[in-house]
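>>> How does the following fold in three dimensions:
(2 chains)
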2 protein chains.
Amino acid sequence: MDFRLLNTDKKSAARTGEITTDHGKIETPIFMPVGTLGSVKGVHQRELKEDINAEIILGNTYHLYLRPGLEILEQAGGLHKFNAWDRPILTDSGGFQVFSLEENRKLTEEGAIFRSHIDGSKHMFTPENVMDIQRTIGADIIMAFDECPPGTATYKYAKNSLGLTQRWLERCVKQFDSTQPKYGYSQTLFPIVQGCVYKDLRIEAAEHAASLNREGYAIGGLAVGEPTQDMYDMIEVVNDVLPKDKPRYLMGVGTPVNILEAISRGVDMFDCVMPTRNGRNGMIFTSEGTINIKNKKWANDFSPLDPNGTSFVDSTYSKGYVRHLIHSGELLGGQICSIHNLAFYLWLVREARRHINEGTFADWKDMMTAKLSKRL
Amino acid sequence: MDFRLLNTDKKSAARTGEITTDHGKIETPIFMPVGTLGSVKGVHQRELKEDINAEIILGNTYHLYLRPGLEILEQAGGLHKFNAWDRPILTDSGGFQVFSLEENRKLTEEGAIFRSHIDGSKHMFTPENVMDIQRTIGADIIMAFDECPPGTATYKYAKNSLGLTQRWLERCVKQFDSTQPKYGYSQTLFPIVQGCVYKDLRIEAAEHAASLNREGYAIGGLAVGEPTQDMYDMIEVVNDVLPKDKPRYLMGVGTPVNILEAISRGVDMFDCVMPTRNGRNGMIFTSEGTINIKNKKWANDFSPLDPNGTSFVDSTYSKGYVRHLIHSGELLGGQICSIHNLAFYLWLVREARRHINEGTFADWKDMMTAKLSKRL
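The predicted model follows:
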């Protein structure tokens, strides 16, 4: 993997760049649609490419390990072959999912023992086997196995947790560097910077991660219950430490406003289930603000779903029709809103890139933030 | 509406024809995807046109009357405008749905009083208001309001029921002929021939319907619990009576084999939820037989979903991937199988047309019937 920094904004830390992988290039800042089980829910691969313009998608180690399982993925020749997606893929390590199981997992120095949410079967993730699993899944960019404490964790908990995450990270790096990709293209490992909302812990974590000299870095443990301003502050703290010439990936964030604020603080990569999950529930993000399409006020609004939208759903379908579909529980409603929202997120980061390159990012961001915060 | 009979098979009653509506032409025999609530479940309108080659779709009066309701549909300018489908639409009358409510409906000479399956609210359908409702929905082809008795009804029940259906049909015709379409294009009313599995009742019903001299006729009350051979026999009986120069629509039928058998008995139009409903459950119809994609044997089969398939899903996705999606409850699995099955049904009727026109239908039908009956 290669990262080339292109332009940096004069009034903020925003920057544009280009990541090159064996499955193609990714222009940053980028948003990555989430395909937990190897499918972006409700969206065809063709739509991701042609209508949404997705450059890279996510998969999830925990979920793919349980279903379809490693044997199938290896026989298929990796996830790209399995799910017919020939552009880049990033896999999260499963750390976040395992720690979300709460009652059904136990942490030791060695790793995490957990029970499957599907059938209750017992499994263990260690830094080493999570590297091996991600070798088998075959994503272009893979994540270190970490502990993700809640945004409300005490300083003591966060400090101990970070210690474990750092020791695990070193084991991840060692395992990754001593193994080879399985399918003939290269993979790269991103450390995850934790440290909760504590500035000194975040600095320590970022310095430790940077010292390992990897090709990119992730910021984890944000948007997990802490105040939004704390999230923004931690992004600044971490990005001040991380090397400028490597991409920074903010995990699991967030609203369109969150994304613009993080871009202005030097983040390059994003993923979030919000465009699809909230979309299936009838929430539509537009350049003029957010629409809850279930509201009765849209029932007889036969104007296009989003006149400024970039995908076919925006001009094909009316607000009233989509309201009817979501209201009636018709599958197509969720499909339409998911495509719309993903296309909107990709439009947003594309516009951000353009404005950074043209030197107009700060003003554009202020104007957009005001509009995006509206409820229509 | 206009129907032109093109060719009739020499060895069977199969025929090809062309229906012309104000929303375009339909080549027969044709299969019509079911869009109960104004959406074919899980399938975009673009896919219906470009990938499935649907020439006409169905809507349902009962469901559309309840949601989005007549006020919305009228404000939208009818269902075509509302759901962005500019090709022909046919609406079922709601008779079948109302009689499926069982405990929640009461029949009188005047009409059917029923409670909504959504909120329990009380409504009444009469032959007159069902015509008015279908004027408001604005389908190109609309159905008479009938009683649909179960396939196991006694002769006495079936005879009384047919009497009611015939009196209702006359009221439907009177109401339809004394009202005008609302949106500037013409509509046509098809009577529904009932009579359960009783030959004399079916003949009486077909003669009565034919005497009303409409532009097309439907055969209802089949595939509702009677033996398959009885269904085939009743189709023959009815089509012997119905005028040759009008299209015949067999309602709610059926499997690919049912469709070929009915085509060979002179049926021109079909609808069924099977390709979408069974598709969402992982049943895939192919030219070589039926696949239950949930079976473990497909888990590591990475060959294309259907190498003979005509739509993009058949070559894009592998059996193993679709098995994984259906097995994991991923929405995309149902979408893929729905598109595949609908495209297969449309391929099947297109091939039937071709073979009828070329005089090779009977042999092709025998060969296909043997293959279609297989479980792969």
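
>>> For A:Ile19, what is the enclosing helix or strand?
strand A:15-21 (DSSP states H and E).

>>> who does that strand touch, helix- and strand-wise?
Contact partners of strand A:15-21 among helices and strands, from 3 or more CB pairs under 8 Å, 6 or more residues apart in numbering or on different chains; DSSP states H and E: strand A:2-8, strand A:24-28, helix A:331-358. The way it works is simple: take the backbone N, C-alpha and C, and place the C-beta from them, glycine included.

>>> residues in contact with that strand?
A:1-9, A:25-30, A:88, A:140-141, A:185-186, A:188, A:216, A:247, A:266, A:268, A:353, A:356-357 (CB atoms under 8 Å, 6 or more residues apart in numbering or on different chains).

>>> ok, the lowest-mean-pLDDT helix or strand in chain A near chain B or not?
Ranked by mean pLDDT, DSSP states H and E, the weakest helix or strand in chain A is helix A:95-100, scoring a mean of 85. No: against chain B, helix A:95-100 shows no contacts by CB under 8 Å from any CB of the partner chain, the least distance being 14.5 Å.

>>> list the buried ones in that helix?
By neighbour count with 16 or more other CB atoms under 10 Å in any protein chain shown, helix A:95-100 contains the buried residues A:Gly95, A:Phe96, A:Gln97, A:Val98, A:Phe99.

>>> Same check on stretch A:22-30?
Going by neighbour count (16+ other CB under 10 Å), the buried part of stretch A:22-30 is A:His23, A:Ile26, A:Thr28, A:Pro29, A:Ile30.

>>> How about stretch A:107-126?
Residues of stretch A:107-126 classed as buried: A:Gly111, A:Ala112, A:Ile113, A:Phe114, A:His123, A:Phe125, A:Thr126 (neighbour count, 16+ other CB under 10 Å).

>>> Kindly export it (C-alpha atoms) in PDB.
Only the C-alpha atoms of stretch A:107-126 are listed here, as PDB (Å, rounded to 0.1, in the frame of the first residue of the first chain):
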ATOM      1  CA  LEU A 107     -10.700 -10.900  28.500                       C
ATOM      2  CA  THR A 108      -7.300 -12.300  29.400                       C
ATOM      3  CA  GLU A 109      -3.800 -11.200  28.600                       C
ATOM      4  CA  GLU A 110      -3.800 -14.000  26.000                       C
ATOM      5  CA  GLY A 111      -6.900 -12.700  24.200                       C
ATOM      6  CA  ALA A 112     -10.700 -12.600  24.300                       C
ATOM      7  CA  ILE A 113     -12.900 -15.700  24.800                       C
ATOM      8  CA  PHE A 114     -16.400 -15.100  23.600                       C
ATOM      9  CA  ARG A 115     -19.600 -16.900  22.700                       C
ATOM     10  CA  SER A 116     -21.100 -16.600  19.200                       C
ATOM     11  CA  HIS A 117     -24.200 -14.400  19.100                       C
ATOM     12  CA  ILE A 118     -25.600 -16.900  16.600                       C
ATOM     13  CA  ASP A 119     -25.300 -20.300  18.300                       C
ATOM     14  CA  GLY A 120     -23.600 -19.600  21.600                       C
ATOM     15  CA  SER A 121     -20.500 -21.600  20.600                       C
ATOM     16  CA  LYS A 122     -17.200 -20.700  22.300                       C
ATOM     17  CA  HIS A 123     -14.300 -19.100  20.500                       C
ATOM     18  CA  MET A 124     -11.100 -17.300  21.300                       C
ATOM     19  CA  PHE A 125      -9.600 -14.300  19.500                       C
ATOM     20  CA  THR A 126      -5.900 -13.500  20.100                       C
END
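
>>> List phi and psi for the residue nearest the centre of chain A.
Centroid-nearest residue in chain A, with CA atoms, centre = their mean: A:Asp271, separated by 1.9 Å. Reported as degrees, to the nearest 10, the phi and psi values for A:Asp271 are phi -140, psi 150.

>>> Identify the residue nearest it in space, chain neighbours excluded?
Distances taken as CB to CB, 6 or more residues apart in numbering or on different chains put A:Met32 closest to A:Asp271, at 4.3 Å, once the chain neighbours are dropped.

>>> Which secondary structure element is home to A:Glu226?
Going by DSSP H and E, A:Glu226 is not in any helix or strand.

>>> hang on, I meant A:Gly320
A:Gly320 is part of helix A:319-327 when elements are defined by DSSP H and E.

>>> quick one: that helix to helix A:331-358, angle?
Put simply, helix A:319-327 runs at 120 degrees to helix A:331-358, going by axes from the mean of the first three to the mean of the last three CA atoms, to 10 degrees.

>>> residues in the stretch 51-200 of chain A within reach of chain B, list them.
A:Arg67, A:Pro68, A:Glu71, A:Ile72, A:Gln75, A:Ala76, A:Gly77, A:Lys81, A:Phe82, A:Asn83, A:Ala84.

>>> Whichever of those end up buried, select them in PyMOL.
To isolate the buried ones among those in PyMOL, judged by 16+ other CB under 10 Å, type:
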select buried, chain A and resi 67+68+72+75+76+81+82+83+84
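
>>> As TSV, the residues of the stretch 51-200 of chain A next to chain B with secondary structure would be great.
Shown next, in TSV, are these (DSSP: H, G, I helix; E, B strand; the rest coil):
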residue	secondary structure
A:Arg67	coil
A:Pro68	coil
A:Glu71	helix
A:Ile72	helix
A:Gln75	helix
A:Ala76	helix
A:Gly77	coil
A:Lys81	helix
A:Phe82	helix
A:Asn83	helix
A:Ala84	coil
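
>>> would JSON lines of the residues of the stretch 51-200 of chain A next to chain B with pLDDT and distance to A:Cys172 be doable?
Listed next are those as JSON lines, based on pLDDT from 0 to 100; distance: CB to CB, whole Å:
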{"residue": "A:Arg67", "pLDDT": "98", "distance to A:Cys172": "24"}
{"residue": "A:Pro68", "pLDDT": "98", "distance to A:Cys172": "24"}
{"residue": "A:Glu71", "pLDDT": "98", "distance to A:Cys172": "23"}
{"residue": "A:Ile72", "pLDDT": "98", "distance to A:Cys172": "24"}
{"residue": "A:Gln75", "pLDDT": "98", "distance to A:Cys172": "26"}
{"residue": "A:Ala76", "pLDDT": "98", "distance to A:Cys172": "25"}
{"residue": "A:Gly77", "pLDDT": "98", "distance to A:Cys172": "24"}
{"residue": "A:Lys81", "pLDDT": "98", "distance to A:Cys172": "25"}
{"residue": "A:Phe82", "pLDDT": "98", "distance to A:Cys172": "24"}
{"residue": "A:Asn83", "pLDDT": "98", "distance to A:Cys172": "25"}
{"residue": "A:Ala84", "pLDDT": "98", "distance to A:Cys172": "29"}
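
>>> one step back: any idea which of the buried residues of stretch A:22-30 is closest to chain B?
A:His23 (16.9 Å; CB to the nearest CB).

>>> so what's that closest one up against?
A:His80, A:Asp86, A:Arg87, A:Pro88, A:Ile89, A:Asp140, A:Tyr185.

>>> redo that, cut-off 6 Å
Contact partners of A:His23, counting by CB atoms under 6 Å, 6 or more residues apart in numbering or on different chains, are A:Arg87, A:Pro88, A:Asp140.

>>> my read: the first one touches A:Gly24, true?
Yes: the pair A:Arg87 and A:Gly24 passes the contact test of CB atoms under 6 Å, sitting 5.2 Å apart.

>>> thinking again about what came up before, I'd like the distance from the least confident helix or strand of chain A to the chain centre, please.
The chain centroid and the centroid of helix A:95-100 are separated by 15 Å under CA atoms, centre = their mean, to the nearest Å.

>>> Can you pull out the residues in contact with that helix?
The contact list for helix A:95-100, computed with CB under 6 Å, 6+ apart, reads A:Tyr62, A:Arg105, A:Ala112, A:Phe114, A:Phe125, A:Phe145, A:Asp146, A:Cys148.

>>> pLDDT and secondary structure for the residues you listed - can I get that in CSV?
Shown next, in CSV, are the contacts of helix A:95-100 (pLDDT from 0 to 100; DSSP: H, G, I helix; E, B strand; the rest coil):
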residue, pLDDT, secondary structure
A:Tyr62, 96, helix
A:Arg105, 88, strand
A:Ala112, 95, strand
A:Phe114, 94, strand
A:Phe125, 96, strand
A:Phe145, 97, coil
A:Asp146, 96, coil
A:Cys148, 91, coil
